[in-house]
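Colleague: Sequence plus the predicted model coming up.
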Amino acid sequence: MEKLTPKQVEELKEKHGDIFEVEIENKVCYLKKPTRKVLSAAATVGQKDPLKYNEIILANCWISGDEEIKTDDALFLGVSGVLSEIIEIKEATLKKL
């Protein structure tokens, strides 16, 4: 798959919010941030099968890309290493009053 043009990226951002490009061995895929519902489902399954956690995140955040990334074990494991980076966690503070 060829990389998206800046115009395509902007169109996807309007539709999905933040978009992430993952490139591995001349393969590329585009992902959106997971929703709370997706994270919950992945966390539930991930307690027993950590790889299934990554499969759920990848499947539900997938916008487009080289399908081999989903099916080739080496590519999937490579992408799995960066999936946690698309999960944005805001820093909170707690103050006892």
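Modeller: That came through fine.

Colleague: in the helix or strand that contains I69, what's buried?
Modeller: Assigned by DSSP states H and E, I69 belongs to helix 68-71. By neighbour count on 16 or more other C-beta atoms under 10 Å, the buried set for helix 68-71 is I69. Heads up, the C-betas are built off the backbone N, CA and C, glycines and all.

Colleague: ditto for stretch 23-36
Modeller: So for stretch 23-36, counting by 16+ other C-beta under 10 Å, buried means I24, K27, V28, C29, Y30, L31, K32, P34.

Colleague: what's the closest of these to K52?
Modeller: Nearest to K52 out of the buried residues of stretch 23-36 is P34 (C-beta to C-beta; 14.3 Å).

Colleague: Before we move on, what's the pLDDT of P50?
Modeller: P50 carries a pLDDT value of 87.

Colleague: for E91, same thing?
Modeller: What the model reports as pLDDT for E91 is 88.

Colleague: what's the answer for the one 3 residues further on, then?
Modeller: Confidence at L94, expressed as pLDDT, is 92.

Colleague: Return the distance of stretch 18-34 from the chain's centre.
Modeller: 7 Å (C-alpha atoms, centre = their mean, to the nearest Å).

Colleague: Alpha carbons of that stretch, in CSV - could you do that?
Modeller: This file holds the C-alpha atoms of stretch 18-34, laid out as CSV (Å, rounded to 0.1, in the frame of the first residue of the first chain):
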residue,chain,number,x,y,z
ASP,A,18,-6.0,11.5,15.6
ILE,A,19,-4.6,9.2,13.0
PHE,A,20,-1.4,7.2,13.4
GLU,A,21,0.9,5.8,10.7
VAL,A,22,2.7,2.6,11.5
GLU,A,23,5.5,1.5,9.2
ILE,A,24,7.2,-1.9,9.3
GLU,A,25,9.4,-3.5,6.6
ASN,A,26,8.0,-1.4,3.8
LYS,A,27,4.4,-2.1,5.0
VAL,A,28,2.2,0.6,6.4
CYS,A,29,-1.1,0.8,8.2
TYR,A,30,-3.1,3.7,9.6
LEU,A,31,-4.8,3.5,12.9
LYS,A,32,-7.2,5.6,15.0
LYS,A,33,-7.3,5.9,18.8
PRO,A,34,-9.2,3.1,20.5
